[in-house]
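# I need the structure of the sequence given here:
(one chain, ligands or ions: 2)
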Amino acid sequence: MRASSLFMPTLKQSPSDAEAISHKLLIRGGFVRQFAAGIYLFLPLGWRVMGRINRIMREEMNAIGAQELSMPTLHTADVWQQTGRYFDIGDEMFRLKDRGDRDMVLAMTHEEIFAWLAARELRSYRELPQIWYQIQLKFRDEPRPKGGVLRVREFQMKDSYSFDIDEAGMEASYGKHIVAYDRIFARTGLRSYRVESDPGMMGGAQAHEYMAPAAAGEDRVALCDACGYAANIELARSHAHPAEGQVADELREVDTPGRRTIEEVSGFLELPPSSLVKSLLFMADEEPVLALVRGDQELHEGKLARYLGRPVRPAHPEEVEDLIGVEVGFVGPVGIATGADLRMVADLSLGPEGPSGARGYVVGGNRRDTHLSGVVMGRDVQPEYADLREAQAGEGCPNCQGTLRIEQVIEVGNIFKLGTKYSKPLGATVLDEDGKEKPIMMGSYGIGPARIAASAVEQNHDERGILWPKSIAPFDVHLVQVQAKDEAQSALAGRLYEQLRVAGWEVLWDDRDERPGVKFSDAELIGCPLRVTVGRRATEGVVEVQPRASGERQEVHEEELVARLRALWDEIP
Ligand code: ATP
Ligand code: MG
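Numbers count the residues shown, from 1 in each chain. Ligands and ions are numbered 1, 2, ... in the order given. You can find the predicted model right below:
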């Protein structure tokens, strides 16, 4: 491709609202543009990157026997009503009406439609297993679209769905996807982890996410380098450190005038935060629940919700005063005047099996400006125990003697065992060997190609621009002709362009009539893995080659160029 005829609008300045580095560089490099909040378009360079990612995904999906098809993105509401998701999902779903006043939705995902197809077309266990996939648009009215193409309201997804007669079949299809996904992420050059994740809204038994470490990530994972334990923070377990400090285990009220937060109380009483217990009132649907975690730990709301099997929210300050009779900051689990039968759940680390055993803690006194010292769990309070706290860096791995670390990550893909959650309500059954009707066991598996592209930029850039992994770069070679009007340079660049193309390279030939400085900085910004510069020594047939990553230049005669590029290519990770 000649740059002079390529629509490649690079920019010197980043958009003012861009925070993520991938957002800045993809805009500046002329890969994408924003149309509206959370709605982006891909320019030719960006679309080439997407094409390369999608090609890798297709190859690896085909390799596990998955079959590509294409589903509509405009849906009638009925299938979504049958599974209940029409009612469970809130504002994230784009809803509309057709001219006949029928309810319609835009595809958020495609479990319903694939199950609908399976219900109509699959009859017998002999037709199973099946894996079907598509690369198709999804629409989600995300509350906070941000980070450029990382979280948008319209995006491409590779989504696949497996159909099996039984659990063992579903297990096998899930295993095939792990093989395909591991290869896809390795081939796209991304650093990523496969972590245990919460099946959440998809329902079902087990799920994993693929996470690319990057500062712009909105998720966190706990990792153990010793044994490979890897889990989303939503469900990561850990061994807590024992609580520090001494608190005598006899009950006694202490004055804590105006001291409400852990920091204030611990400072005032000169006790480490882990000698304190936080009492946090939540509403699970409309039932109040008092959650207890140590002062040095954070409660994870998702863990509480999962334990209770219901969505939770922190109680409003007025609700706290109504239900407990004291203001926030002085709430505690012992001697609540108003709600004697209040349900209480404490984090496991406070329990008899916890690292500190039975010991005294300081808790809220349920009276203004008062705390209660010497509270022993199991003696003075009888809570239920559950894993409520967020795992922290430096805590012990739940599976070995190792230590956990926490990383910020971008979710690039995930895999779910769905079981019969969608096949049952949509009537997707087949006859088994004995002629009995059985609901199909399904799995669902997603990857966001734009998130792969943006994550690759997050992981591979420097102050001058992008360093694309070689498998997904828009072009392999950026051929920079320094002087557009120089005859020797034009002739040599033209020859090399042909020669390289014949040898199978994708080449961007910068033949624009621009200042050399502009061409060089565009080449660094756009980030193709190899640069070939045709300049002063063109008359002798000598050019300069330079990997984008190392920046090391070497001169090469045109006859050796292909071999030299190949050698450099192989050295790029
Ligand atoms: P997230 O937790 O980040 O919202 P999700 O769990 O909703 O993601 P899925 O519904 O499982 O994601 O979608 C599968 C894949 O689609 C994700 O792993 C991600 O790569 C991509 N994806 C999901 N939501 C978006 C979005 N709003 N913008 C871009 N890509 C997305
Ligand atoms: Mg989401």
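
# which bits of the stretch 351-500 of the chain sit near ligand 1?
E411, V412, G413, N414, G446, I447, G448, A450, R451 (C-beta under 6 Å from any ligand atom). Where you see a C-beta, it was placed from the backbone N, CA and C, and this is true even at glycine.

# can you put those residues in TSV and add neighbour count?
TSV is the format used below for those (neighbours: other C-beta atoms under 10 Å):
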residue	neighbour count
E411	23
V412	29
G413	26
N414	23
G446	21
I447	28
G448	25
A450	25
R451	27
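
# next, give me the two most distant ones among those.
N414 and A450 (15.3 Å; C-beta to C-beta).

# tell me the pLDDT of the residue nearest to R153 when sequence neighbours are not counted.
Nearest-residue entry for R153: G38, 3.6 Å, with adjacent residues in sequence omitted and distances by C-beta to C-beta, 6 or more residues apart in numbering. In this model, G38 is scored at 96, pLDDT.

# pretty sure G38 sits against P145.
Yes. Between G38 and P145 there is a contact at 2.8 Å, judged by C-beta atoms under 8 Å.

# for those two, list the residues in contact with both.
Listed as contacting both G38 and P145 by C-beta atoms under 8 Å, 6 or more residues apart in numbering are R151, V152, R153.

# look up how far ligand 1 lies from the second one.
This means V152. 4 Å (C-beta to the nearest ligand atom, to the nearest Å).

# what about that residue, distance to F42?
Separation of V152 from F42 (C-beta to C-beta, to the nearest Å) stands at 11 Å.

# what residues are up against the residue in the stretch 451-573 of the chain that ligand 1 sits nearest to?
Residue nearest to ligand 1 within the stretch 451-573 of the chain (C-beta to the nearest ligand atom): R451, separated by 4.1 Å. Applying C-beta under 8 Å, 6+ apart to R451 gives the contacts V149, L150, A212, I410, E411, V412.

# can you tell me the element it falls in?
Counting by DSSP states H and E, the element that carries R451 is helix 449-459.

# check which helices and strands the helix or strand following that helix sits against.
The helix or strand immediately downstream of helix 449-459 is strand 461-462, counting by DSSP H and E. Applying 3 or more C-beta pairs under 8 Å, 6 or more residues apart in numbering; DSSP states H and E, we find strand 461-462 packed against helix 21-28.

# who touches the closest residue to F114 other than its chain neighbours in this structure?
Distances taken as C-beta to C-beta, 6+ apart put Y161 closest to F114, at 4.2 Å, once the chain neighbours are dropped. Residues in contact with Y161 (C-beta under 8 Å, 6+ apart) are H110, E111, F114, A115, I131, W132, Y133, M442, G443, S444, Y445.

# Y161 pairs with what?
Taking DSSP bridges as the rule, Y161 bridges to W132, S444.

# same question for L292.
S279, A346.

# in the chain, which spans are helices?
All helices of the chain, identified by DSSP state H, fall at 21-28, 44-63, 77-83, 85-88, 111-121, 167-187, 262-269, 301-308, 317-324, 449-459, 487-502, 516-526, 561-571.

# which parts of this protein sit against ligand 1?
Residues of the chain lying near ligand 1 (C-beta under 6 Å from any ligand atom): 109, 140, 142, 151-152, 155, 157, 411-414, 446-448, 450-451.

# residues contacting S373?
S373 touches V247, A248, L251, R252, E253, V254, L269, G360, V362, counting by C-beta under 8 Å, 6+ apart.

# surely G351 and Q382 touch.
No. Contact criterion C-beta under 8 Å: G351 and Q382 do not qualify, at 10.9 Å.

# among the two, which residue is more densely surrounded?
G351 (17 against 10; other C-beta atoms under 10 Å).

# please name the nearest non-neighbouring residue to that one.
Y385 is the one closest to G351 (C-beta to C-beta, 6+ apart), at 4.1 Å.
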